[in-house]
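[1] Give me a model of this one.
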Amino acid sequence: MPNLEIEHPSYPGYYTAVLSQDAVSKLARVAQVMIPESAGFPDAGSLVPRFVAERIDPVEAERLEDLLNGIQDSSTQAITTWITGLETGNPTQFAQLRSWVYYGYYGSGSVKDALRHTGSDYHGAPQPFGYHLDREAPRPRTPRGGYQKTEEVRRVIG
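    The predicted model follows:
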């Protein structure tokens with residue numbers, strides 16, 4: 001029987017990179033501060049590190065370890081200050097960290113379930129179902145512009 005699983009970098013475990021327990025703990029605290037606890041939703045601190053650890057490549061793992069080494073205090077205030085400093089001091093690193101945290105959280109099945117429970121039709125990545133779109137494109141209230149067939153277009157300046 002052929003192997004039907006396709007190896008792809010987005011699959012969990014593809015890179016087999018390992019994050020230290022210290023980095024996992026710090027990432028969990030960062031995730032909890034960036035996505036505070038909310039009734040009916042799972043804890044970001046338990047979801048994000050697992051997602052990241054399963055998908056991070058060795059180079060990114062080393063960068064993330066180095067970045068998280070800057071955290072000396074795990075209190076909410078200290079983490080908030082650290083995140084704010086990162087956002088203003090190194091927006092690129094902040095954007096990468098934010099992406100890991102948000103993808104790790106909102107890509108989780110339990111978060112998708114919680115969102116659907118609140119009435120959202122959110123289902124994660126747009127494939128294979130896509131997002132709901134109105135059948136008719138919205139139209140401006142007042143008509144603007146016009147249309148001219150290509151064969152009717154004439155040069156203005158000769």
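[2] who's in contact with the residue nearest to residue 33 when sequence neighbours are not counted?
    Spatial nearest neighbour of residue 33, excluding adjacent residues (C-beta to C-beta, 6 or more residues apart in numbering): residue 79 at 4.4 Å. In this view, the C-beta of every residue, glycine as well, is placed from N, C-alpha and C. Residues near residue 79 by C-beta atoms under 8 Å, 6 or more residues apart in numbering: 29, 30, 33, 71, 73.
[3] At the geometric centre of this structure, which residue do we find?
    Taking C-alpha atoms, centre = their mean as the criterion, residue 103 is the residue nearest the geometric centre of the chain, at 2.9 Å.
[4] which SSE is that one in?
    Per DSSP states H and E: residue 103 is located in helix 91-106.
[5] any idea of the angle the worst-scoring helix or strand of the chain on mean pLDDT forms with helix 91-106?
    For the chain, counting by mean pLDDT, DSSP states H and E, helix 109-117 ranks last in confidence among helices and strands (a mean of 90). Interaxial angle of helix 109-117 relative to helix 91-106 (axes from the mean of the first three to the mean of the last three C-alpha atoms, to 10 degrees): 70 degrees.
[6] What average pLDDT does stretch 33-53 get?
    The average pLDDT for stretch 33-53 rounds to 94.
[7] Same check on stretch 60-71?
    95.
[8] Flag every buried residue along it.
    60, 61, 64, 65, 67, 68, 71 (16 or more other C-beta atoms under 10 Å).
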